[in-house]
Each structure stands twice: as C-alpha cells, then as structure tokens.
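S.K.: Next input, structure requested:
(one chain, ligands or ions: 4)
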Amino acid sequence: MTTPIRSTCPYCGVGCGVLLTPQADGGLKVEGDPEHPANLGRLCSKGLALGDTVGLEGRLLTPQVDGTPASWDKALDLVADRFTSTIAEHGPDSVAFYVSGQLLTEDYYVANKLMKGFMGSANIDTNSRLCMASTVAGHKRAFGTDTVPGVYEDLEIADLVVLVGSNLAWCHPVLYQRLAAARAAHGTKVVVVDPRRTSSCDIADLHLKIAPGSDAALFNGLLTHLASSGEIDTDFVSKNVTGFDAALASARADDPSVTGVSDADLTRFYEMFAATDKVVTVFSQGINQSSSGTDKVNAIINCHLASGRIGLPGSGPFSVTGQPNAMGGRETGGLANMLAAHLDLENAEHREAVQTFWDAPTIPTEAGLKAVDLFDAVESGQIKALWIACTNPVVSMPDSDRVAQAIAACDFTVVSDLNAQTDTARLADVVLPALGWGEKSGTVTNSDRTISRQRSALKHPGQARADWDIFADVGRRMGWEAAFDYQSEADIFREHAQLSRIAGDFGKDFDISALSDLSDADYDAFAPQRWPISDTANGGRFFADGAFFTPTGRANMLPIASRAPEAKLDQQFPLRLNSGRARDQWHTMSRTGLSAKLCKHLAEPFLQIHPEDALACGVASADLALVTGRSGEAIFRVWVTDDVAKGAPFAPIHWTGETAAASVVARVIPAITDPVSGQPESKSAAVSVTKFEAAWYAFAVSAIPLQPTTPYWSRVPVENGLRAELAGLDSVQDWASYAKELFGIESDPMMVTDTVAGQTRLAFYEGDALMAALYVGREPVAVARDFIAAQIGQQAQTVLAARPGKDVRDPGPTVCSCMSVGRNQILDAIPANGTASVEFICQSTGAGTNCGSCRSEIAQLIARPRQPIAAE
Ligand SMILES: Nc1nc2c(c(=O)[nH]1)N[C@H]1C(S)=C(S)[C@@H](COP(=O)(O)OP(=O)(O)OC[C@H]3O[C@@H](n4cnc5c(=O)[nH]c(N)nc54)[C@H](O)[C@@H]3O)O[C@H]1N2
Ligand SMILES: Nc1nc2c(c(=O)[nH]1)N[C@H]1C(S)=C(S)[C@@H](COP(=O)(O)OP(=O)(O)OC[C@H]3O[C@@H](n4cnc5c(=O)[nH]c(N)nc54)[C@H](O)[C@@H]3O)O[C@H]1N2
Ligand code: SF4
Ligand SMILES: [Mo]
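M.R.: Ligands and ions are numbered 1, 2, ... in the order given. Presented below is the predicted three-dimensional model:
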C-alpha cells in the first residue's frame, strides 16, 4: 500500500490536514489527517469531496496571448517587456498586482518582493482586502500589530463562545464541529449575533437578530455594562491598556437600542458575558465587510481588553480567517499598506532593513492602492499594466460590472489562473496556466497561526507552473536575476524566515527565524507548527501578560461611535441586501462547482426574503426575483423564509457568468468602503426586489453540455450530465425545435402536454437511454428535480411523468452530501409524535454520520419541516 501524502485542504482558514492517495486512474483519495492539530482527522463536506474536483475539465494547459496558445518564453517576455516599458514611461505607480489569500506563502513572498522591492511600487493588493482588511486594521490599532492572540483550543476551553457575523457551521465547519463537541461535553454557552438565522444558531443558547451594521453599538453597550457591573479588570487595564476612559465615554454615549434587539435579550447577553471568565468572541465577515468594519473590530477588542479576557486559555477575541492562506498573505506583507513580516511601510527603519535584506534597488515610501481604489485607477487609466493572480475580481469585487469594464479597457492585463474561462480571464491579454491544489507545493498559515505544508500529489498538467515560479521568472526577465534565482519553494521559505528575524529584532510578533536554516529535507517533512517559532518564543498565545506591540507596550482601547451602513435606503431602494456563503460551495465555484455531490445542496442562485417583504415586493417562493441596486441588477430564485429579518434579504456570492446568466451578486453591491481599512461593505447594499416577469420557466437535464442564451439560466453538474433552470421573456411557439437547438440534438423528442400542470415535457433518447429532457410551463415548474436528474443515461421511459412511480420516492434536494440523503428522506424519517432527535434521524437515515456538516440542517428540518426551499 502506498503511504498517503500529508497536505492541507485548499478551502477555508481552519486549515485541516488531509491525507492524499493518488489513484491509478488519475484520481485522488482524500481523508482527514488524524495528526493535524486543526482537525484531528475530521473533514467537512467540501474537504471530503476534494477528490471530485481534481480532474482537468476546463483547465488551461498552455499560456495564451490574445486568446491563442503561446510558449512560456513568448508570454513571459511579453509580460516583462510590458511591465518594464510601462514603468519606464509612466513610473512605477502605473503598474499593479492584484493577488489572493489562496496563493501559498512562497507565491505571495515572491510577488510582494517583485512589486515592492524591484518594480518599486506598493500597488500590490489582494482579495484579502474584501475579506480580512478590517480585522488587520483593528488588530494594528489595538495591539500595534496584526496578531491573532488565541488558538483553536480556546473555543473548546471557553464557557461562552460568541459568534458575531460568523456562520461557523457552514464556513468553518470543522471548527464548528469542535465547538459543538465541546458544548456537548461541558455545556459551553453559545451566542450568535447575526441578522439572519443561520445553521450556526442550532447550537445557540441565544440568537441576537441584530440590525445590519449595528454591532459596534452592541459591543459599546457591553462595555458600558461591564463597567457598571464591576467587571472591569482594573489591574490588567492599569498595567497594560491605554484609552480606557475615552473608550468608555464613547460607549456610554452610544445607544444599543439601534441594534433592534430587545432589552431583555441585550441584558441576557451582557450578563452572560459579564458572568463568564472564559469568553471567546469569534468574528468574521458580518463584522469585516462593513463601512464601519474596523470600528466594529475595535468595539469587540475593547470589551476583551477592559475585562482582561485576552490571551488566556479559553478567552480572547478571535478572528477566523476565510481563505486557506489569508494569514500567510498578511505575514509576507501582501497588502498595499504593509511591508513584509508584519513590518510597517511607513517606518523608514523598517523600509531600510527590508531593502537591504532584499538588496533591492528601491522601496516605496507610501502605501499603494487598496483594491477598490486600485480598480478605480485601472478605470481612470492610471494603472496601465495589471497582473491578477488566483482571484476572480469580476465576480467578487463590488460594482463588478464597472470592474469588468475597467479590466477590459486596461492597456495590458495578465491573469494567472487554473482556467481560461473565468469571467476575469476572458478579459485578459495574457492568461498564464498555474498549478492548482494537489499539484502545487508550499506552505499556508491557518486562523490560529499554524503553518502547514501543502504538498504535491498529482502530476503537473500540461505546461502549468507554480505561481512563485511564474513571478520569479518575470523578475529575472526584467533584469533582477540574482534576487529571483529561486530553485525551490524551500529556498523562498528560508528567505522569508530569515526576513522575519529582522521583524523579531524590531520587536514585531511575526518571527519564525528558527526556521531560517531549514534543510530541504526538513522543509519536505515539515509538520504543522504554530508561530512564533524563534529562539525565545514557541507557538503560544499572545498578550496574557500584556506585552503588546505598540511603542509603549500597552494595548489601545479606541473610542467608538457606532454608524449605520453607508448605503442609504430610500423609496427606490428600500431593502438592505446581505450576501455570503452556502455550505457546499466555495467562492466562484471554480472547484466545488465540479462536484456533482456538492452541487446538489442549494443547486440554484437564491434570494432568502422575509414573508412580509415578499408580499410587499409581489414575489412568492419559486418565482424569480430581479434584485436592483444603484450599480446593477441580478436575478435569483425566491426563497421566502423568516430566517432573514424583514428588510434584509440574503443572496449567495457563488454564481458567475459561467454558471448563470445574471446571478452575480457583486453587480448590485456598491463600492463603498471602510475609511480605515478600505474593505468594501459587501453585506449592506441598498436594493429593490421585483418579480422577474418571465413568459415561461423551464427545468432541463442533459447528458451533453449546453449553453443557454435566455435572460435567466443557471446550471450545475449532476452525476451523468447537468441540470439547468431557464426562464425566457419571449413566448416560444415550437418547443420541439427550441429543445433540439438548446440540446444540440437533431432527432425529434418524445413530447407530452400536461394540461392540469400546465406543462409541456420533452425527452430525447439515444436508444433507450435518456439524453436530455425539458419541462416547460408558464409558471415555475414543479417537478421532482433530483429524481429526473438521476435518470440521465438510464432507461427512463417514464421520465415524462416528471415524478417517480408509486413505489419510488423522490429523495428531494440533498441535505447530506456525504451519504447522499435528500430532504424528503429525512422528512419521512421524522416521527409524527414529535420525539425526533438529530441523533435518531442520523441513525435511521445515515445522514450526518460522516462529516456531520448537515446536522444543523437536520435539526432545522425537525424544528420546522415545512420551510420551503428554493428550486424544488
Ligand atoms: N462553505 C464555504 N465556506 C467558506 C467560504 C465559502 O465560499 N464557502 N469562504 C471562506 C471565506 S474566504 C471567508 S471570508 C469565510 C467567511 O465566513 P463567514 O463570515 O462566516 O461567512 P458569510 O456567509 O460571508 O457571513 C457571515 C454572516 O454574517 C452575517 N451578517 C451580515 N451582516 C451582518 C452584520 O451587520 N452584523 C453581523 N453580526 N452579522 C452580519 C450574514 O448574515 C452571515 O450569516 O468563509 C470561508 N469559508
Ligand atoms: N458581495 C460579496 N462579495 C464578496 C464577498 C461577500 O461576502 N459578499 N466575500 C469576499 C471575500 S471574503 C472573498 S475571500 C472573495 C473571494 O473571491 P475570489 O478570490 O474572486 O474567488 P475565488 O473563486 O476563490 O477565485 C479564485 C480564482 O483563482 C483560481 N485559482 C485557484 N487556485 C489557484 C492557484 O493555485 N493559482 C492561481 N493562479 N489561480 C488559482 C480559481 O480558478 C479562481 O478563478 O470574495 C469577496 N467578495
Ligand atoms: S473545515 Fe472543511 S473547508 Fe475548511 S479546511 Fe476543513 S475540510 Fe477544508
Ligand atoms: Mo474571504
């Protein structure tokens, strides 16, 4: 038996260890690594389905220049020439890199060094600006540096865990599983602060359905309560904190009633916090993606500093990072306002030290352009050469249509990606094929500062190359041979570790200098280790005894005045659109969208909307909704639910121009940013919702790829093909001809008209095997979608009945991806006498018995079995 290769999951910041065993057929077996400290063998549904996502479907295998295959020499000479000539003609600030928290530390290190030390501009920013920038800024304001004080075990040791703007159950599932297990073992109390009822609420003792954006007022209220109830740690504050009085005065002047939470619930939360020594406050995008994100972060940290609940086992503020290497990007200085190794761009001594270490010709003295400003500068023509790596800004940046136009109009754009067909890559002059997860090799740092290896387990496809190797090659072609003469990832990692010694000498937190001389073999064998890793420090918590990284060694409490979201509501745009993540999809679905298993869960772009809003907007469940904002519009399937608050609908971020016609949520998000961090307010757009008045609706399944052209469509893969939703504005006379063109099939279909259901149904067969089917109606079509999708390629003569025969039950939309258990199967297993427990349902159906990611949804089905869901 071959020994599995140890690596790390490419998705969320939990950073689970995986064991990879390449299979004879080119596939990959993926299991949880029992020895990795982040997950101890656990994985979530996404991690478990990684093996489904390593095929070469859609992969770019050679460089492309102007849409035609080119050699690496030709492509990289062109990149080097264009960046060189642009800098010569227009100065270093006319070029920019826009990179990603999914790059490895080694990639990030080289990109940052090339831009800041050699091209001479600080115009390198990253999708972390859309993700963690407010936390970075809040940490720096409070602690003097960007330090996450705690460790994962704190969530297990704590007696109270507060999840603020974090849907941990879906977005950091293994950490959620660890918390749920700790709660089962010793009764950890859990409070969720979120305008939406999420799956994370299933283990909550209290859910504060807070008004969007009002978190700072909530935590100001908490600080006031801590002061009035004698819960200030005066000893810790007098020794280690500045700004207490001003922060408390501001807090007292604030009004927690703007949260919309009842006085009774506010008091309950405040008393729980005050009465518990071991409190961890976990926060994420509900905090960061806000025009007051940095203030919200500091309002949270203020409470922990004032009560001395920081750096101790089981207590502290805890930012959970989104991307697998969000932390590594921060450590290498990959943001426009950072230098490297947590050193400061504004500090002349730091700059000089880094310049000397790099033996660099130059180093910028001022911060570069942050993401939103950077794309504005592309639009205005200031940036004339742009290199985008490992991110898809046309889908993820706010006001995304404008970003697309700016990129298309830019003099010279390079995109490094796995695929040529992304909404961003399609607009580039040069597209470079990068190695992806499973192929590439290097290190990542997870949310609790643990550095782990990603290791290569698969053959390098086509001519794809590692991102660091591509950046370094361009550096050499631009004339900096010695500085970019790396032979391996290990070379780069050693240099990064050496540079961190300088940071350590300047009294910075990020110090991994003990790894400076790691041999190649040690790097290959490197086991997960939490930083700092130096002669004097080893991987523990920060700040229990103060020792903050400010010039005085004291932490700063900041005076915070809460502010409402910036996007103003009015008669035209009366609703506040929230956006975020679904359990089984990752960002733009570039990887998870390849797994039929994962695509069964929430298979269509949806809009969760409160029943009263739905009524007021004239939409009902299964209708299509046109969501219009000041910057654009998008279409989603309506899901009426009181999980969302009145006035605050929610849509997922995952759909792109590749997977749907018009469901990119970023189109309606305005480019409003936090004034300190520059992070966009992605969670609070002002929108209107109206019914998308289609002349017809359809559901299709097909064994053959298809490219609809209707104003609304969305598609996902299923085991033997794909399933799609369509809607059209123009009435169709001849459905048989329409279907033949849609599916690209010449033979005639079998066709029935169901006048009762008001549907026309068509099916195409090759021999006895079903090739494609289309179900059309004037209203959204109600058919057993999962049953029909499972019939592709089968002898399915009864498929036009649109539902299973009497003896076969449609499993319904998938709830449990691992064990393939559908909603109807779970509903069937719920006894009528109200005695069902999650455990009982799991045992009787098999659902939730593998990774457990769906257990919270099973609990929801037991609690509220008739909740309608989209696309049924
Ligand atoms: N399944 C899955 N997991 C992922 C990802 C993914 O794409 N899919 N992406 C990863 C990445 S990069 C990130 S950054 C993380 C994000 O992880 P999370 O931050 O947990 O995810 P989101 O769904 O973006 O937002 C969290 C919650 O914030 C709430 N919210 C909105 N506005 C407010 C507000 O004003 N106040 C409060 N308190 N809450 C608010 C939303 O209702 C939502 O439930 O997830 C990571 N994990
Ligand atoms: N409205 C709204 N907008 C949001 C958010 C939100 O909550 N609401 N969340 C924001 C957040 S937190 C984030 S993190 C962003 C995420 O948004 P993006 O970063 O734009 O999304 P991804 O799909 O992760 O894009 C990664 C791209 O890199 C490619 N890729 C994968 N691996 C590699 C590799 O190794 N090398 C290279 N060169 N390419 C690779 C993939 O094919 C894919 O095209 O979205 C942000 N935008
Ligand atoms: S929790 Fe899931 S997505 Fe996140 S790292 Fe672990 S297996 Fe991957
Ligand atoms: Mo993120």
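S.K.: alpha carbons only for contacts and neighbour counts from here, please
M.R.: Will do.
S.K.: so what's the residue of the stretch 201-350 of the chain found nearest ligand 3 up against?
M.R.: Taking Cα to the nearest ligand atom as the measure, the point where the stretch 201-350 of the chain comes nearest ligand 3 is residue 324, at 7.1 Å. Neighbour list for residue 324: 9, 10, 11, 12, 13, 14, 15, 101, 102, 444, 445, 446 [criterion: Cα atoms under 8 Å, 6 or more residues apart in numbering].
S.K.: okay if I get the residues you listed as JSON lines plus neighbour count?
M.R.: Below are the contacts of residue 324 laid out as JSON lines (neighbours: other Cα atoms under 10 Å):
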{"residue": "9", "neighbour count": "25"}
{"residue": "10", "neighbour count": "26"}
{"residue": "11", "neighbour count": "24"}
{"residue": "12", "neighbour count": "24"}
{"residue": "13", "neighbour count": "26"}
{"residue": "14", "neighbour count": "29"}
{"residue": "15", "neighbour count": "31"}
{"residue": "101", "neighbour count": "28"}
{"residue": "102", "neighbour count": "28"}
{"residue": "444", "neighbour count": "30"}
{"residue": "445", "neighbour count": "29"}
{"residue": "446", "neighbour count": "25"}
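S.K.: Strands along the stretch 451-600 of the chain, start to end?
M.R.: 529-530, 555-556, 575-580 (DSSP state E, counting those that start in this stretch).
S.K.: so of those, which one's packed in deepest?
M.R.: strand 555-556 (a mean of 27; mean count of other Cα atoms under 10 Å).
S.K.: Within the sheet, what are the partner strands of that strand, with directions?
M.R.: According to DSSP bridges, strand 555-556 has the following sheet partners: strand 241-242 (parallel).
S.K.: residues in contact with the strand it pairs with?
M.R.: Contacts of strand 241-242 (Cα under 8 Å, 6+ apart): 305, 554, 555, 556, 557.
S.K.: Against residue 190, how distant is the first one?
M.R.: In this case it means residue 305. 21 Å (Cα to Cα, to the nearest Å).
S.K.: Was I right to think residue 621 contacts residue 638?
M.R.: Yes - in this structure residue 621 lies within contact range of residue 638 using Cα atoms under 8 Å: 5.0 Å.
S.K.: between the contacts of strand 241-242, which is closest to residue 832?
M.R.: Nearest to residue 832 out of these is residue 305 (Cα to Cα; 49.9 Å).
S.K.: Please name the residues that touch the closest one.
M.R.: Per Cα under 8 Å, 6+ apart, neighbours of residue 305: 237, 241, 555, 557.
S.K.: From those, pick the one nearest ligand 2.
M.R.: Distances from ligand 2 to the contacts of residue 305, taken by Cα to the nearest ligand atom, are shortest for residue 557, at 26.2 Å.
S.K.: and that closest one, how far is that from residue 45?
M.R.: For residue 557, the distance to residue 45 - Cα to Cα - is 40 Å.
S.K.: Compare these two (neighbour count), which wins?
M.R.: Between residue 557 and residue 45, counting by other Cα atoms under 10 Å, residue 557 is the more crowded of the two (26 against 23).
S.K.: Find the nearest non-adjacent residue to the more buried one, please.
M.R.: residue 243 (4.9 Å; Cα to Cα, 6 or more residues apart in numbering).
S.K.: ok, now residue 113?
M.R.: residue 358 (7.9 Å).
S.K.: would TSV of the contacts of strand 241-242 with pLDDT and distance to ligand 3 be doable?
M.R.: Compiled in TSV, these are given as follows (pLDDT from 0 to 100; distance: Cα to the nearest ligand atom, whole Å):
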residue	pLDDT	distance to ligand 3
305	98	29
554	98	34
555	98	31
556	98	32
557	98	32
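S.K.: can you tell me which two in those are farthest apart?
M.R.: 305 and 554 (10.5 Å).
S.K.: and the residue nearest to residue 113, what does it touch?
M.R.: Contacts of residue 358 (Cα under 8 Å, 6+ apart): 113, 117, 483.
S.K.: who wins for neighbours among these?
M.R.: residue 113 (28 neighbours).
S.K.: For ligand 2, see how far away that residue is.
M.R.: According to Cα to the nearest ligand atom, to the nearest Å, residue 113 and ligand 2 sit 17 Å apart.
S.K.: Could you shift the numbering so residue one becomes 666, and keep it that way?
M.R.: Sounds good: first residue 666 from here, last item residue 778.
S.K.: Phi and psi next, for that residue.
M.R.: Backbone torsions of residue 778, given as degrees, to the nearest 10, read phi -60, psi -40.
S.K.: which one is residue 1179 nearest to, not counting chain neighbours?
M.R.: The nearest residue in space to residue 1179 (Cα to Cα, 6+ apart) is residue 1199, at 4.5 Å.
S.K.: Quick check: pLDDT value at the residue of the stretch 766-915 of the chain found nearest ligand 2.
M.R.: Nearest residue of the stretch 766-915 of the chain to ligand 2: residue 796, at 3.6 Å (Cα to the nearest ligand atom). What the model reports as pLDDT for residue 796 is 97.
S.K.: Fine by me, we can end here.
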